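Colleague: Need a 3D model of the following:
(3 chains)
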Amino acid sequence: MSDYNFAYLDEQTKRMIRRAILKALAVPGYQVPFASREMPMPYGWGTGGVQVSAATLTPDDTLKVIDQGADDTTNAVSIRKFFEKTAGIATTEETKKASIIQTRHRIPEAELTEDQILVYQVPIPEPLRFLEPRETETRKMHALQEYGLMHVKLYEDISQHGAIATAYAYPVKVEGRYVMDPSPIPKFDNPKMEMPAIQLFGAGREQRIYAVPPYTQVVSLDFEDYPFQASKADHPCGLCGAEDSYLDEVILDDAGNRMFVCSDTDYCRSRREAGQVGQLGEEAA
Amino acid sequence: MIPLLQVKGVAKNYGAMIGCANVSFDLHPGEVMGIVGESGSGKSTLLNCLAGDLTPDRGEVIFNTRVDGPLDTVTMSEPERRMLSRTDWAFVHQHARDGLRMSVSAGGNIGERLMAVGDRHYATIREQASDWLGRVEISESRIDDRPSAFSGGMQQRLQIARNLVTGPRLVFMDEPTGGLDVSVQARLLDMLRGLVREMGLSAIIVTHDLAVVRLLADRLMVMKNGHVVETGLTDQVLDDPQHGYTQLLVSSVLQV
Amino acid sequence: MIELKNVCKSFTLHNQGSAVIPVMQHATLSVKPGECVGLTGASGAGKSTLMRVIYGNYLAASGSVMVGCVDVAKAEPREILALRRETLGYVSQFLRVVPRVPALDVVAEPLLSVGTPVDQARSKAASLLTQLNIAERLWGLSPTTFSGGEQQRVNIARGFAYDYPAMLLDEPTASLDTRNRATVLALIEEAKARGAAIIGIFHDEAAREQVCDRFVDVTEFSPRAAA
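Modeller: Numbering: from 1, shown residues only, chains lettered A, B, ... in the order given. The predicted structure follows:
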């Protein structure tokens, strides 16, 4: 038994956050303001995601935390420890066993199910922010569905790079209504957002929660003659040989040798355990 | 013939100060009206009331919309009004940077209104942007440059292209040649005149420069202290002014 | 075609003690299609003023100024503009144009504004400029750079580009050489022949006698004469 209330936040705060989550689910893609609390970690480290997770967790849940797809990075490890300590819940690194997955910048490779909730950490929830800095104006634009500006950004991309160069935080339109920032996930993950699991987005510093309910239509914005493409590095994973997963580039030495490996560590490990080996990999023990 | 714009008794006060008082007029398709008067005479207040950027205290501003015919833009819903200002209306600001997105390329600036009304074909948008750069006499090779790299005159012409690309029917201009040097002004005026005739535009031009209205405007409205003191055919008002204030205004112009 | 009844005109100078200067009283005048009426009277008698009142450039204080079926004294600005576009031409002594516009387009403009196709308007303009001896190398330049005589001929070409049913000519032959003067007079004869009603001011007596059917002395309309 810990000295903290279950999952750190007090019950009133969790109720407030749950109300915001319900509203967000009722209006897919709409940014619901909420009274974000100070958390024992700096802004930018997932304070929004942590609050959403805290309000969503029950004692029976199993939590998985990933950062850029990996379970073993500092951010993932410390958030997992945080909830082990304050909620006493079970944690896992296996995507299939988790009931709640908090993520920063990735969607797991394994298909999620109706029994799972994916919680995103969001730095800047407003997709229009960089073109229109006035919050009063962007709210009005959302209200009136004035989204021409979003395409101006894509236009600029094509005119400067010959293709839509936006590779992450690629804007989407949810259920034909709200344009939404999917958080800085690679655009490779965008098509996965039409999924059976619930997706919740928490932005702590910006005090916004938004959501995509299961099986909701999520369309990546594009031009007719420059259609959206979910891109990834054109290599198989060096460790497990997977050709369908999103890859990280790893520099091996000063001579510039490099390898590409799955960014989803659980996916890579489970493939290797099943006996698949990439060019540079060794068989799992 | 139904006027494009019918203004009926428009008034706007700032507290006890009169912005503009009881202004009425009709503007017909293809007509260009100039509003002149000294600083503080209420001409900009009036223009902003007409363009929907200010809500008048009293009066009606009835615009003949393409689909639904004449509608009062003061009482219409905000989405409808904003739609009008993206499609049928254009607003050319005195300072180009008020009307441009300075961090977006020239092509993106022109394309914005097209994308706002649902154009989703990059090549078409780019083609139109390039066509419009040509029409406002900016080299097409500058399409990917940001307006911050443009001269004042070019910025102003870019602003005009950005506004006219959706083929509006009514253009509001607030001192469109203010702050530009004389040769640049002449070029801009010539270009505007051509566009107005080619596209059959109606326009309301606020300025204090009588030479500008003589060249561009069919008719003139003279304002003083928020009140309209004289209206009429442009050359008649300038050559045979009836009101004392207009006579003063006309006689104050330096002869070149 | 042009019919003035009891037209009065005065200037009120509000900024000079509201002095009222009456310049014209009870001007009455009628011009039929195909007729050319010459205005006479000493300099300052009000010939140009009368022209400007008919053109709508000056506002008549009272009376009626019928041109076709439009009363210029009471018409809306856009009615007067339509009248100027389609019915009433005016050749003044001075050319007033937008800088930068080439001479050929200056001349073609009246045709373009009534919807004549560009090619047709340009070729008519070219033939007029040729008739009036404007060298072809000048056509592409703005008339603001031309000599006084050249400017005036461009102005005349512009005035005759479109076949107006009614025309006002303010000293169209002043300071022209014999050859150009003959051309202008021929243009006036042509206009009369096609039925245009013309009011003209000619200082050149020979020209006056050649084209005018009758004369009206504007001194009759001056306030002193009426008093």
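
Colleague: mind listing the helices for the chain?
Modeller: As the question left the chain open, I've gone with chain A. With helices called from DSSP state H, chain A shows them at A:11-26, A:47-56, A:74-87, A:135-143, A:148-161, A:265-273.

Colleague: please go with chain C instead
Modeller: Going by DSSP H, chain C shows helices at C:47-55, C:77-86, C:103-112, C:118-131, C:148-161, C:178-193, C:205-211, C:223-226.

Colleague: Which one of those lies nearest to chain B?
Modeller: For the helices of chain C, the distance to chain B is smallest for helix C:77-86, at 4.0 Å, taking CB to the nearest CB. Placement of C-beta: from N, CA and C, glycine included.

Colleague: Would you tell me what the next helix or strand after the helix ranked longest in chain B is?
Modeller: In chain B, taking DSSP H as the definition, the longest helix is helix B:182-199. Downstream of helix B:182-199, the first helix or strand assigned by DSSP states H and E is strand B:202-207.

Colleague: returning to what we had before: helices or strands up against the longest helix of chain B?
Modeller: Judged by 3 or more CB pairs under 8 Å, 6 or more residues apart in numbering or on different chains; DSSP states H and E, the packing partners of helix B:182-199 are helix B:152-164, helix B:210-216.

Colleague: Between these, which has the poorest mean confidence score?
Modeller: Lowest mean pLDDT of the helices and strands packed on helix B:182-199: helix B:210-216, a mean of 87.

Colleague: Now do the contacts for the residue of the stretch 151-256 of chain B found nearest chain C.
Modeller: For the stretch 151-256 of chain B, the residue closest to chain C is residue B:244, as judged by CB to the nearest CB, at 2.8 Å. Residues counted as contacts of residue B:244 (CB atoms under 8 Å, 6 or more residues apart in numbering or on different chains) are C:14, C:15, C:18.

Colleague: can we see that at 6 Å?
Modeller: By CB atoms under 6 Å, 6 or more residues apart in numbering or on different chains, the contact list for residue B:244 reads C:14, C:15.

Colleague: okay, it: pLDDT?
Modeller: Predicted confidence (pLDDT) for residue B:244: 90.

Colleague: Residue A:230 versus residue A:245, what's the distance?
Modeller: 12 Å (CB to CB, to the nearest Å).

Colleague: Spell out which residues of the stretch 1-150 of chain A are next to chain B.
Modeller: Neighbours of chain B within the stretch 1-150 of chain A, by CB under 6 Å from any CB of the partner chain: A:144, A:148.

Colleague: could you list every residue that touches residue C:82?
Modeller: For residue C:82, counting by CB under 6 Å, 6+ apart, there are no contacting residues.

Colleague: Return the per-residue confidence for it.
Modeller: The predicted structure lists residue C:82 with a pLDDT of 92.

Colleague: how about the nearest residue to the residue in chain B that chain A sits nearest to, chain neighbours excluded?
Modeller: Residue of chain B nearest chain A, by CB to the nearest CB: residue B:116 (2.9 Å). Nearest residue to residue B:116, sequence neighbours excluded (CB to CB, 6 or more residues apart in numbering or on different chains): residue A:148, at 2.9 Å.

Colleague: Number of residues surrounding that neighbour?
Modeller: For residue A:148, the neighbour count with other CB atoms under 10 Å in any protein chain shown is 18.

Colleague: That one and residue B:118 touch, don't they?
Modeller: No: here residue A:148 lies out of contact with residue B:118, judged by CB atoms under 6 Å, at a distance of 8.1 Å.

Colleague: Look up the residues forming beta bridges with the nearest residue in space to residue B:122 that is not next to it in sequence.
Modeller: Distance criterion CB to CB, 6+ apart; nearest residue to residue B:122, sequence neighbours excluded, is residue A:223 at 4.1 Å. On the basis of DSSP bridges, residue A:223 is bridged to residue A:226.

Colleague: Tell me which helix or strand in chain B has the weakest average pLDDT.
Modeller: helix B:182-199 (a mean of 80; mean pLDDT, DSSP states H and E).

Colleague: and residue A:211, what is it in contact with?
Modeller: A:24, A:25, A:200.

Colleague: give me the beta-bridge partners of it?
Modeller: residue A:200.

Colleague: any idea of the pLDDT on it?
Modeller: At residue A:211, pLDDT is 98.

Colleague: Low-confidence ranges, chain C, go.
Modeller: C:224-227 (pLDDT under 70).

Colleague: can you rerun that using 80?
Modeller: Low-confidence segments of chain C (pLDDT under 80): C:93-100, C:175, C:223-227.

Colleague: same question, chain B
Modeller: B:1, B:179, B:181-184, B:186-187, B:190, B:197, B:253-256.

Colleague: Could you report the neighbour count for the closest residue in space to residue C:211 that isn't next to it in sequence?
Modeller: Distances taken as CB to CB, 6+ apart place residue C:188 nearest to residue C:211, at 4.9 Å, with adjacent residues excluded. The number of residues packed near residue C:188 is 26, by other CB under 10 Å.

Colleague: contacting residues around residue C:201?
Modeller: Applying CB under 6 Å, 6+ apart, the residues near residue C:201 are C:39, C:47, C:170, C:171.

Colleague: got a markdown table for those, with distance to chain B and neighbour count too?
Modeller: Below are the contacts of residue C:201 laid out as a markdown table (distance: CB to the nearest CB, whole Å; neighbours: other CB atoms under 10 Å in any protein chain shown):
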| residue | distance to chain B | neighbour count |
| --- | --- | --- |
| C:39 | 19 | 25 |
| C:47 | 16 | 25 |
| C:170 | 14 | 21 |
| C:171 | 18 | 19 |
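
Colleague: Closest one of the residues you listed to chain A?
Modeller: Distances from chain A to the contacts of residue C:201, taken by CB to the nearest CB, are shortest for residue C:170, at 53.8 Å.

Colleague: thinking that closest one is in contact with residue C:90, fair?
Modeller: No: counting by CB under 6 Å, residue C:170 stays clear of residue C:90, with 7.5 Å between them.

Colleague: can you tell me how far residue C:32 sits from chain B?
Modeller: Distance of residue C:32 to chain B, computed by CB to the nearest CB, to the nearest Å: 27 Å.

Colleague: Quickly note the distance from that residue to residue B:107.
Modeller: 60 Å.

Colleague: same question, residue C:97
Modeller: 34 Å.

Colleague: With neighbour numbers in mind, choose between these two.
Modeller: residue B:107 (25 against 19).

Colleague: Who are the packing partners of whichever strand or helix holds that one?
Modeller: Counting by DSSP H and E, the element that carries residue B:107 is helix B:106-116. Applying 3 or more CB pairs under 6 Å, 6 or more residues apart in numbering or on different chains; DSSP states H and E, one finds that helix B:106-116 contacts helix A:148-161, helix B:122-135, helix B:152-164.

Colleague: Let me know which of the ones you listed is tucked in deepest.
Modeller: helix B:152-164 (a mean of 23; mean count of other CB atoms under 10 Å in any protein chain shown).

Colleague: Listing partners with orientation, what would you give for whichever helix or strand comes after it?
Modeller: With elements assigned by DSSP H and E, the helix or strand that comes after helix B:152-164 is strand B:170-174. Taking DSSP bridges as the criterion, strand B:170-174 forms sheet pairs with strand B:89-92 (parallel), strand B:202-207 (parallel).

Colleague: Contacts for the helix holding residue B:107 next, please.
Modeller: Contacts of helix B:106-116 (CB under 6 Å, 6+ apart): A:148, A:151-152, A:155-156, A:159, B:86, B:100-101, B:125, B:129, B:132, B:142-143, B:145, B:158, B:161-162, B:165-166.
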